[in-house]
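> sequence plus predicted model, see below.
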Amino acid sequence: MKLKFHRYLLALICVCILIFFFNLDAIYINIMEARNFGSAREMLTLDHWLLTTLNDIPRYEKPPLPTWLTAISAKIFGIERLWALRMPAACAATLLTVSLYKFSELINITRKQAFIAALVAVTSFYIIFSGRNGQWDIFTHSFMMVSIYFLFQLFNDDKKLWHNTLLGGIFFGFSILSKGPVSFYTLFLPFVIAYTIVYKLHHSKRKWPALIVFLILGLSVGLWWFAYVRIADPIAFLDIAKDEAANWGNYNTRPFYYYWSFFTQSGIWTIPSFVALLYPYLKNKVSNKKAYQFAILWTLISVILLSIIPEKKSRYLLPVLIPMALNTSFYIEYLFRNYSISKLKEKWIVHFNFGLIAILGITFPIVAPFFLKLSGIYYLWYILTSIALAGIGFGIFYFFKKKKIAKIFYLTISFICITIIFGFPLVDTLINNPNYKAFSELRKLSEKQQFEVYEYKSFSPEIIWNYGEPIPILKDNASFSLPKEKIFGLLIPPNDTITSEMFSKYSIEKVDRYDLNQVNPNKSGYKDRLIRDFYLLKKE
């Protein structure tokens, strides 16, 4: 049995490597990454390790632990390497997957089912996205999942009491130090409520001091940075805190039912996840009814708590995918046991779900050339992807005939791995903006001709990141300050205008337009905020 355990864990880590670490630099950075990576770069270049900044402006909206880890990775492997900046998030996603597997073992399900739960999690859409993307959600939920793993043992085992207390408290603090109370509210609190309902809280008196130490340690590790910034830069801290609090109730608000389609965020597991939520159907089919009740309650309570908050975004559903992967494993484990003998009326939904994946694989070689502009090396990636995905598709249909649902499940995992390994390099064939011009070229020009570059009244994080260093802003709210230099460059959005009244003592020359959009101007992903007209101003 020990050997089997190690085999599952080794296989899980291998899948994590394939999904989270291959082709990490295949997709260009988005606005969230630009903010986070920009802050990490300013830690290295401006020494802003505690009083964090973006474009040399205080940025206290997010705690610094993930930024520290990203800055350290950039220091070791190089700030210019995109994969180095994303690697800490990939490591956090791997930690989340392994900790979910280890936790699942604790609730009296088989190691095989724990393995299934972890595989469902690692191949769920938003977990893949977060683990390959430099956003901080994956850190806070990964650390909290580790904390929950130790807390569950603290609840149920008198052995290693202080070991579980200290490690659980430290990772609880790491979660807060990654994104404030987000994971406490969306993952930890639903876990505690679900655990209390299903397993009850039967603790000996000596565990209460341990639980108090757990909370005190966690809050101390998690909140010290907030206290430091509050003392060191109180005005900026309070202004940012006020804006953040207002956003929760006034920004990006959605109705209560906005998250009701939450199971679709699991991607290829949408249908199995939905079926697993049908408690009346599945309750008498699962191998451990109590554990199933706990998993489904944990999932639903997390969704309800998220729904209460007015501000809603799809990516906020990431913590829901963690217990939902565990919940989905009960349905898949049931299929493993009963598919070959189950009635035909129960099979149609299985055929539909995995048959759709098979069809996608088989039709990829035919459909892909209509969307991809293939040339050179990309033909090789297309051929490899086509052979692998079509092979998986035919394999799924073959094992349908043999009634081997476990083989079909593992082929579905392979489908995701193949798409990332062979398919992601093809993303470059979708990038076709003929007007693309990087702001890094402007920086080289400014260094060569010895002039400073300024933004007029706002900045886009992606532009700052691409430029390579902070760009000062001339107009901030009601204040406006002219540069001291006799010659300087000025970036202005294309929908704004520059007039001689603004700079009456300067000659104004429009030099060029810089466009950081990767996609074609005719496509929906094209953003005006990534465009700037560049003017050169000289004092007369």
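Everything's here; your move.
> read off the pLDDT value for residue 343.
Looking at residue 343, its pLDDT reads 66.
> should've said residue 340
pLDDT, residue 340: 73.
> let me know the secondary structure of it.
Three-state call for residue 340 (DSSP: H, G, I helix; E, B strand; the rest coil): coil.
> what do you get for residue 453?
Here residue 453 is strand, with the state taken from three-state DSSP.
> what pairs with it across the strands?
Beta-bridge partners of residue 453, counted by DSSP bridges, are residue 489.
> hang on, it packs against residue 469?
No. Residue 453 lies out of contact with residue 469 (CB atoms under 8 Å); the separation is 9.4 Å. C-beta coordinates here come from the backbone N, C-alpha and C atoms, glycine included.
> which residues of the stretch 251-400 of the chain score low on pLDDT?
Across the stretch 251-400 of the chain, the ranges flagged by pLDDT under 70 are 251, 341-345.
> could I get the full set of strands for it?
Shown for the stretch 251-400 of the chain, no strands are assigned by DSSP state E, counting those that start in this stretch.
> any chance you could list residues touching both of residue 453 and residue 469?
Listed contacts common to residue 453 and residue 469 are residue 443; contacts here mean CB atoms under 8 Å, 6 or more residues apart in numbering.
> neighbour-wise, which of these two wins?
residue 453 (21 against 15; other CB atoms under 10 Å).
> any idea how far residue 20 is from that one?
Applying CB to CB, to the nearest Å, the value for residue 453 to residue 20 is 36 Å.
> show me where the chain has strands.
53-54, 57-58, 452-455, 475-476, 479-480, 487-492, 506-515, 531-539 (DSSP state E).
> centre of the chain versus the fourth one, how much separation?
Here strand 475-476 shows a centroid-to-chain-centroid distance of 33 Å under the convention CA atoms, centre = their mean, to the nearest Å.
> quick one: strands adjacent to it?
The sheet places strand 475-476 alongside strand 479-480 (antiparallel), with pairing taken from DSSP bridges.
> neighbouring contacts of the strand it pairs with?
residue 474.
> for it, give the mean pLDDT please.
Taken as a whole, strand 479-480 has a mean pLDDT of 77.
> what's the answer for stretch 219-237, then?
For stretch 219-237, the per-residue pLDDT averages 96.
> likewise for stretch 448-461?
Regarding stretch 448-461, the rounded mean pLDDT is 92.
> ends of it, what's the gap?
Using CA to CA, to the nearest Å, the end-to-end distance of stretch 448-461 comes to 24 Å.
> just stretch 130-138 next, same as before
6 Å.
> what do you get for stretch 14-25?
Using CA to CA, one end of stretch 14-25 lies 19 Å from the other.
> in it, what's buried?
Using 16 or more other CB atoms under 10 Å as the test for burial, stretch 14-25 gives 15-16, 18-22, 24.
> among those residues, which lie within helices?
Of the buried residues of stretch 14-25, the ones assigned to helices by DSSP state H are 15-16, 18-20.
> in a markdown table: those, plus pLDDT.
Below are those laid out as a markdown table (pLDDT from 0 to 100):
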| residue | pLDDT |
| --- | --- |
| 15 | 97 |
| 16 | 97 |
| 18 | 97 |
| 19 | 97 |
| 20 | 97 |
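> what's the closest of these to residue 177?
residue 20 (22.0 Å; CB to CB).
> can you give me the pLDDT of the residue positioned nearest the centre of the chain?
Geometric centre of the chain, nearest residue: residue 130, 1.8 Å, by CA atoms, centre = their mean. Looking at residue 130, its pLDDT is 95.
> next one: it from residue 138, what distance?
Distance from residue 130 to residue 138, by CB to CB: 4 Å.
> and residue 466, by the same measure?
Distance, residue 466 to residue 138, using CB to CB: 24 Å.
> more crowded one of these two?
residue 138 (30 against 21).
> circling back: so what sits against both of residue 130 and residue 138?
Applying CB under 8 Å, 6+ apart, one finds that residue 130 and residue 138 are jointly contacted by 89, 93, 318.
> of those residues, closest to residue 473?
Closest to residue 473 out of those is residue 89 (29.2 Å), distances taken as CB to CB.
> right, and that closest one touches residue 134 too?
Yes. Using CB under 8 Å, residue 89 makes contact with residue 134 at a distance of 5.7 Å.
> which neighbours do these two share?
Contact criterion CB under 8 Å, 6+ apart; residues shared by residue 89 and residue 134: residue 70.
> widest-spaced pair of the buried residues of stretch 14-25?
15 and 24 (15.7 Å).
> residues of stretch 100-114 that come out buried?
Neighbour counts over stretch 100-114 (16+ other CB under 10 Å) mark 100-107, 109, 111, 113-114 as buried.
> where does pLDDT dip in the stretch 1-150 of the chain?
Residues of the stretch 1-150 of the chain meeting the criterion pLDDT under 70: 1-5.
> now the helices for it?
Remark: helices assigned in the stretch 1-150 of the chain by DSSP state H, counting those that start in this stretch are 2-20, 31-46, 65-77, 82-106, 111-122, 125-131, 137-156.
> right, I'll call it a day here.
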